[in-house]
Every structure is written in C-alpha cells, then in structure tokens.
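Chemist: curious how this folds, go ahead:
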Amino acid sequence: MINLNIIERPILYNPILIEGLPGIGNVGKMAVEYLIEKLNAKKFAEMYSDHFPYHVFINDDSTIQLPKNEFYYVKSKKHDLVLLTGDFQSMVPQGHYEISESILDFVKKLEVKRMITIGGFGVEGIPSKPKVIGAATDTDIISEFKTLGVLFEPGDRVGMIVGASGLLLGLGKRRGMSGVCLMGETFARPMFTDARASKAVLSILKSYLGIELDMADMDEKAKELNKAISKAKELEKQMVDKMKVGSGDELRYIG
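Modeler: Numbering: from 1, shown residues only. Have a look, this model is predicted:
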C-alpha cells in the first residue's frame, strides 16, 4: 500500500529532484532538510506506505502522526527544485522497489528529467574534511560533477548503493531519466547525524545549482557530532569493562 496525499499541484520549470532520506550518517536527510529550511521550500505532497515501520509518532500536544515521506518545491531561475525527504525508508526489499517506482511515477508527471540523490559513504573514523563520492547514470554527468570536486572511484571501494538513493537512479534510467548520487564520507555508524558530510555535499549542490546558501551554522552542528561520538565510545568502553568483570559481579545496562 502506497498512498499519495497531494496538497498543491505546482507548475514547475525544468525541475530537478533532490532526494535525501534517512541512511548512514543521515547525510542526505540532513542536507535536504537544510535546503528546505534555508530556501523556504513549500510542501506540496506526502507519501504514506505500509512498508514504513508499524508505529505512529506522538507529537508534543499528544496527537499522533503516521510516518511519511514529504515533497517540497522551490522556484528558481535556473531549475525549480523538488526536494524529497522523510521519516523512513522501507523495511523490506520489495518495499524499496515499490516506493521508488511510486516516487518516479509522481515526479515524472512533474516533468522531472534530472535527479540528484544524497547518501553517506561509511568510513572508519571521523573525516576532518569529508570527500564527496559519486556514481551516475552516464559518463556526461560524471564529467560534469568531476569539475565540481566529486570523486568517482570505480572498484572495490564503491560496489553498490543500497536503498532509494541507488534505486531511484537505476529505475529512473530505464525511464529515460538521468542523475547522480552524491555520497559524503561519514563515520560508519548509522545512529549519528553527520553535519560535516552533509555540508560537503551541500557545497557541491550550491555550485551546481548556482544558489546562495549560508552554511555557517553547520559547523556548530558538526561539533555536536564529535561530542556524541566521544560519548558513545566512552559508553562502549564502559560496557566492555563491565563484561570483563568476574562472574560474581552483576552486569547492568548502561543508558
């Protein structure tokens, strides 16, 4: 089951889809939500599916809300933008395909021909200056984004792209749509949101789209990540130390 709630039907000029759903480091989600905030994007559609987790969110006023993906738009001189983000990706492989096909059906009607998907590229440790790794539907796009500083590294290091960021491009290519996936290097732990990697991707997008984007506050968000990782490592160390105690000592959860 996939339901689309249309709030508005915008008329768009030469639109580009930019997707950033939850994933490793939440690089894409953070980048797209940042664009939505800074560019004052307007929500025009919501997508619901039983492929999302089977729970609801409880708001501050105690009302409930289903998980969803959201579509926003921004009018621009060069390209109008369709921004896609949301709460979750599918929990099952079949759902990834069905949701991706539904997204493509929808944006095709908006005359989207170019897509930019955003994700994280897991590495050990915290990169001080994250690189942006790319993969694209054709060599012309690779050449285009190489000039902006995106690295394209065929071989063992980049073998596959899991989830919507890859499937939208793969399935879209069969429909005559082109695109690129931009992956910011990030600490290979899914529970952290990496502002530094998101900023690296946003810098590429800023140049490509020719938009004004003040990202000074991203540095403060990056400091929060460093603190969170340091705390997590300390908790892991405490847990290991607890597991090493003698059999007569009681083990307790650390939270």
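Chemist: any idea how far the residue positioned nearest the centre of the chain is from residue 171?
Modeler: Centroid-nearest residue in the chain: residue 28, 2.1 Å away (criterion: C-alpha atoms, centre = their mean). Between residue 28 and residue 171 the distance is 17 Å, computed by C-beta to C-beta, to the nearest Å. All C-beta spots, glycine's among them, are computed from the backbone N, C-alpha and C.
Chemist: pull out the buried residues from stretch 193-206.
Modeler: 193-206 (16 or more other C-beta atoms under 10 Å).
Chemist: could you do stretch 170-182 as well?
Modeler: Of the residues in stretch 170-182, those buried (16+ other C-beta under 10 Å) are 171-172, 177, 179-182.
Chemist: ok, now stretch 43-50?
Modeler: 44-49.
Chemist: average pLDDT for it?
Modeler: With pLDDT averaged residue by residue, stretch 43-50 scores 98.
Chemist: one more: stretch 78-96?
Modeler: Computed over stretch 78-96, the average pLDDT equals 95.
Chemist: how about stretch 178-198?
Modeler: In this model, stretch 178-198 carries a mean pLDDT of 87.
Chemist: so what's the gap between that stretch and the chain middle?
Modeler: Centre-to-centre, stretch 178-198 and its host chain are 7 Å apart (C-alpha atoms, centre = their mean, to the nearest Å).
Chemist: phi, psi for residue 195 please.
Modeler: With angles defined as degrees, to the nearest 10, residue 195 sits at phi -70, psi -30.
Chemist: residue 210: what's it in contact with?
Modeler: By C-beta atoms under 8 Å, 6 or more residues apart in numbering, the contact list for residue 210 reads 77-78.
Chemist: if we go to 10 Å?
Modeler: 76-79 (C-beta atoms under 10 Å, 6 or more residues apart in numbering).
Chemist: most neighbours among the residues you listed, which one is it?
Modeler: Counting neighbours by other C-beta atoms under 10 Å, residue 79 leads these with 19 neighbours.
Chemist: need the contact list for it.
Modeler: Residues in contact with residue 79, defined by C-beta under 10 Å, 6+ apart, are 12-16, 18, 114, 208-211.
Chemist: cool, residue 55 as well?
Modeler: By C-beta under 10 Å, 6+ apart, the residues touching residue 55 are 64, 66-67.
Chemist: now with 6 Å?
Modeler: For residue 55, the contact set (C-beta atoms under 6 Å, 6 or more residues apart in numbering) is empty.
Chemist: that one in helix, strand or coil?
Modeler: Residue 55 falls in the coil class when you classify it by DSSP: H, G, I helix; E, B strand; the rest coil.
Chemist: can you tell me how far it sits from residue 39?
Modeler: Applying C-beta to C-beta, the value for residue 55 to residue 39 is 31 Å.
Chemist: do residue 78 as well
Modeler: Taken as C-beta to C-beta, the span from residue 78 to residue 39 is 13 Å.
Chemist: equivalent analysis for residue 59, please.
Modeler: Taking C-beta to C-beta, one finds residue 59 at 25 Å from residue 39.
Chemist: again with residue 196
Modeler: Applying C-beta to C-beta to residue 196 and residue 39 gives a distance of 21 Å.
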